[in-house]
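> what's the 3D shape of this:
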Amino acid sequence: MDKLNGNQKLADAKDKAKQRVDNLPNLNEAQKKAAKGAIDKATDPAGVENSVDTAVAKDKLNKAINDGQAKKGTSAYYNGSDEKKQALDGALAKGQQVANDPDATQAVVNKARKAITDAMNALDGKVTDKTTLKNSVAGSDDVKNTNDYKYASDKARKDYDAAITNAQKVLDNKNATQNEVNTAEKAIEDAKDALSKSMAKAWEDAKLPITRTPVLNTQALTDAEKEKVKENVGAVQVKDTVQSEVTVDDQGNVVIAFSDGSKAKLTSGSTIREMNKNDLQQDIDDDEKVKNSDNYKDASDSARETYDAAIEAGKQVNSDSNATQEAINQAHGVIQKALQGLKDSAAKAKEKLNTNVDETPVGDHNKVDDVEKGAIAQAVADANKNNGVTKDKVTVDDQGNATVTFPDGSKAVVPASSTTTNVSKEA
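Residues are numbered from 1 along each chain as shown. As a prediction, the model looks like this:
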């Protein structure tokens, strides 16, 4: 009877043990079947309990394996050192072998679980820091407004855009590793550096400095002036491998677009200069004063005609919106030469004038009569006959001053002090 009761108790213990195994949440069906088989083989309650304890240990091992696999999806693992990651990988692999071994003892199972737990706790990865990358992506619009971006080559701009697009994908990936973040950040920095280098190369290809084009109005260049700016810019584009297009705005700012899409912007200060018409304008403003001067009045016909023609030509150049600085300077030079011609002609007339004339007696030095004027004119003509002067080319005023007009139209005055004398009182 005692033996029968003992067998019944053992059977009841096995049934309860199997129920406990069925309730273990982390065992798969094969593991549960193996555990139940071990329970069936037990010959005493202690053996049954030992089989259950081994099953419980495997349940905990399975949980540790699941936790370890989940841990590999965290920054603690993927940002950790290779040594720590390899330790967890090895512990998980060994733990899986033990979990699959139906004959593994509780001690072996516990050791495998501890190895996994220790490896997880030893992981040294930090939470992924995306701060710098976020700032780089957020600042991309500002970068695109810089000259580095605007004037870089098509490839450099495309590479920067691609780096930003990829960086955004990394930011959107909640499981992005620190290495992926760092790589994306470096790609952006490298692309920005390439933008700067591309723009710098465009500046180098622009081959400054260039000849500055003189313009009338620095705020409103004429089409002809723009073409001249293009010509001057093009003159330094001597690199055969560089195909460029030059555009000029109304203020003289230039953009050189190269075949690779890069651009060089030249400000007006390096491409144009204000045309100087001051001297020519002053010449024109002084015209009336010149024509009222003794030099103009006393110069030869030819000298006056030359001056008049120079002034008219200067006025045309001054009013020509397409006139070049060279033409302006030339017009000013012609006028100045003509002015000197007037001066020289008047001086020559004075030099050749013979003032050593026979003096004519006059009754009133302030009111010389016509007879006296005729005598003075004849005396002056006689003194200057070698210069082709005749009486009709001598004009005498009321004070006896005689103006001589030479054959070339130039004039000179013999003063009254040389042409007149007092009437003798003896008469």
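> Next up, the contacts around residue 234.
residue 246 (C-beta atoms under 8 Å, 6 or more residues apart in numbering). The way it works is simple: take the backbone N, C-alpha and C, and place the C-beta from them, glycine included.
> Quick check: it vs residue 153, distance?
Remark: distance between residue 234 and residue 153 (C-beta to C-beta, to the nearest Å) = 21 Å.
> Show me what counts as buried in stretch 290-305.
Neighbour counts over stretch 290-305 (16 or more other C-beta atoms under 10 Å) mark 290, 293, 295-296, 298-300, 303-304 as buried.
> And stretch 68-83, by the same measure?
Those would be 68, 71-72, 74-80, for stretch 68-83 by 16+ other C-beta under 10 Å.
> same check, this time on stretch 375-395
For stretch 375-395, the neighbour count (16+ other C-beta under 10 Å) marks 375-381, 383-384, 387, 389, 393-394 as buried.
> got the residues you listed as JSON lines, with secondary structure columns?
Output for those, formatted as JSON lines (DSSP: H, G, I helix; E, B strand; the rest coil):
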{"residue": "375", "secondary structure": "helix"}
{"residue": "376", "secondary structure": "helix"}
{"residue": "377", "secondary structure": "helix"}
{"residue": "378", "secondary structure": "helix"}
{"residue": "379", "secondary structure": "helix"}
{"residue": "380", "secondary structure": "helix"}
{"residue": "381", "secondary structure": "helix"}
{"residue": "383", "secondary structure": "helix"}
{"residue": "384", "secondary structure": "coil"}
{"residue": "387", "secondary structure": "helix"}
{"residue": "389", "secondary structure": "coil"}
{"residue": "393", "secondary structure": "helix"}
{"residue": "394", "secondary structure": "strand"}
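> Farthest pair within those residues?
The two members of these with the most space between them (C-beta to C-beta) are 375 and 387, at 19.9 Å.
> In a helix, residue 322, correct?
No - with three-state DSSP as the criterion, residue 322 is assigned coil and is not in a helix.
> Neighbours of the closest residue to it other than its chain neighbours, how many?
Leaving out its chain neighbours, the residue that sits closest to residue 322 by C-beta to C-beta, 6 or more residues apart in numbering is residue 224, at 4.7 Å. The tally of other residues near residue 224 (other C-beta atoms under 10 Å) stands at 13.
> Kindly report the same for residue 280.
23.
> Report the contact partners of it.
Shown in contact with residue 280 (C-beta under 8 Å, 6+ apart): 314, 317-318, 328, 331-332, 335.
> for residue 394, same thing?
376-378, 380-381, 402-405.
> Let me know the closest of these to residue 180.
Each of those was checked against residue 180 using C-beta to C-beta; the closest is residue 405, at 102.8 Å.
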